[in-house]
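Asker: Have a look; sequence and predicted model below, questions after that.
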Amino acid sequence: MIFESEKITQYNHDWYQAVDDFIHTACEEGSAGTYTKQKLDLDNLDPLSSLWLSVVNNTVVSISYAQRSFITGTPESIRKCRYHILKNYRRGRFGFKMMKHQIAWAKSNGFKHYYWTHDVKDHAINQLFQHKKTYSLGDNDNQYFRDPDFLKLTLEKQMVFRDTPKSDMIQFVYSYYIDPAYKWQPTKSVINFSHQGRIDDVSKVIG
């Protein structure tokens, strides 16, 4: 779905209040843990990462952070995180739209690798990202799954992502290799585990 007066833009301080308002609403919708000051401080964003906004009629309806991946010990890599779409705009497919801009930005800024993670328990979204299904809502939705950048997202089958040892949430990793010769070798926040894109019992991964 495309909304009237829709645009994707990179954050600057002019958007501060609009993004702060968005974060307040996103927290009310269940994303409070995503937008703590420790995880996303608008006053102290990494100057070599980039925050992206989806704007409809001058209202921020979705954001995601293209963040240098210090969490995996590979700051030459970009992690897509802090992603939320307000409930009234979920058909906007803003995650895919922002991804296009983020990959282009990462390329132009010398990054070698871009990745997106999804909870292994979310079978529906993982089927989409593993290119095993599309939406059933018509061609306008399915165009995103034919996009060349989306088709280049590849499931990492020898690892899963775990952002903290305190969490029991395990995520699949989907990589886009900006530099095809780059060998991504994360040293933190991943567990070496062989899989084929489905894990029904996370206790087999984390013990």
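Answerer: Yep, that arrived.
Asker: where's stretch 149-157 relative to the chain centroid, distance-wise?
Answerer: 13 Å (CA atoms, centre = their mean, to the nearest Å).
Asker: and it, how far apart are its ends?
Answerer: Start-to-end span of stretch 149-157 (CA to CA, to the nearest Å) is 19 Å.
Asker: buried stuff in it?
Answerer: Neighbour-count burial for stretch 149-157, counted by 16 or more other CB atoms under 10 Å, picks out 150, 153, 156. Where you see a C-beta, it was placed from the backbone N, CA and C, and this is true even at glycine.
Asker: And for stretch 62-73?
Answerer: 62-69, 71-72.
Asker: just stretch 18-25 next, same as before
Answerer: 18-19, 22-23, 25.
Asker: export it as PDB, just CAs?
Answerer: C-alpha atoms of stretch 18-25 as PDB (Å, rounded to 0.1, in the frame of the first residue of the first chain):
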ATOM      1  CA  ALA A  18       8.000  14.200  15.600                       C
ATOM      2  CA  VAL A  19      10.200  11.200  16.300                       C
ATOM      3  CA  ASP A  20       9.800  11.700  20.100                       C
ATOM      4  CA  ASP A  21       6.000  11.700  19.600                       C
ATOM      5  CA  PHE A  22       6.300   8.500  17.500                       C
ATOM      6  CA  ILE A  23       8.400   6.800  20.200                       C
ATOM      7  CA  HIS A  24       5.700   7.600  22.800                       C
ATOM      8  CA  THR A  25       3.000   6.000  20.600                       C
END
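Asker: Pull the residues that contact it.
Answerer: For stretch 18-25, contacts defined as CB atoms under 8 Å, 6 or more residues apart in numbering pick out 11, 35, 40, 42, 51, 53, 55, 58-61, 63, 86.
Asker: got it, and stretch 195-202?
Answerer: Against stretch 195-202 from outside (CB under 8 Å, 6+ apart): 120-121, 123, 126, 130, 155, 157, 160, 168-170, 172, 205.
Asker: swap in stretch 42-60?
Answerer: So stretch 42-60 is contacted by 3-11, 15-16, 18-22, 40, 61-68, 78, 82, 85, 89, 92, 94, 97-98, 101-102, 105, 109 (CB under 8 Å, 6+ apart).
Asker: Do you know the pLDDT at D46?
Answerer: In this model, D46 is scored at 97, pLDDT.
Asker: Phi and psi next, for it.
Answerer: Backbone torsions of D46, given as degrees, to the nearest 10, read phi -60, psi 120.
Asker: so how many other residues sit close to the residue lying closest to M169 once chain neighbours are set aside?
Answerer: Ranked by CB to CB, 6 or more residues apart in numbering and with sequence neighbours excluded, the top spatial neighbour of M169 is D119, at 5.8 Å. By other CB atoms under 10 Å, 14 other residues sit near D119.
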